[in-house]
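Novice: structure, please.
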Amino acid sequence: QVQLVESGGGLVQAGGSVRLSCVASGRAFSTYSMGWFRQAPGRERESVAAIAWTGVSTTNADSVKDRFTISRDNAKNTVYLQMTSLKPEDTAVYFCAAVSWRGGWPPPNYDYWGQGTQVTVSS
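Specialist: As a prediction, this is how the structure comes out:
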């Protein structure tokens, strides 16, 4: 069982930066692949970025390429999402997720989810 707690969201002006953190419980964090997702009001959940247990990372959403970076610190059981050049359309609840996955990349689904953290970008 893995519990995930996100933090770092809030209100930021367009063009600004925010770093989200997701702390995982348990001792097997380094064996999990991690992902960041977001969901805006009235829209479906969108995969933003993912990082494998090996450290290989992927930015999945074309709209955030070159602006968002996912990273992980296994010593701290934490995965990060560094968001720069934020736009109002980045406003959403951001979720992190975990899966123990050794198949093709990226994982088809995730087993554990956090409660989410709100990011609001003002214009």
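
Novice: number of residues surrounding residue 84?
Specialist: Residue 84 has 14 neighbours, counted by other Cβ atoms under 10 Å. (Each C-beta comes from the backbone N, C-alpha and C, glycine too.)

Novice: okay, it: pLDDT?
Specialist: pLDDT recorded at residue 84 is 97.

Novice: give me every residue that touches it.
Specialist: 17, 67-68 (Cβ atoms under 8 Å, 6 or more residues apart in numbering).

Novice: need phi/psi at residue 62.
Specialist: Backbone geometry at residue 62, expressed as degrees, to the nearest 10, gives phi -60, psi -30.

Novice: cool, residue 89 as well?
Specialist: phi -70, psi -10.

Novice: now do residue 64
Specialist: phi -120, psi 0.

Novice: that one and residue 103, how far apart?
Specialist: Computed as Cβ to Cβ, to the nearest Å, the residue 64 to residue 103 distance reads 24 Å.

Novice: which of those two has more neighbours?
Specialist: residue 64 (22 against 9).

Novice: give the full set of residues in contact with the more buried one.
Specialist: 48-49, 83, 90.

Novice: just to revisit the earlier point, out of the contacts of residue 84, which end up buried?
Specialist: Neighbour-count burial (16 or more other Cβ atoms under 10 Å) applied to the contacts of residue 84 gives 67-68.

Novice: among the contacts of residue 84, which are in helices?
Specialist: Judged by DSSP state H, helices contain none of the contacts of residue 84.

Novice: let me know the closest of the contacts of residue 84 to residue 30.
Specialist: residue 68 (22.4 Å; Cβ to Cβ).
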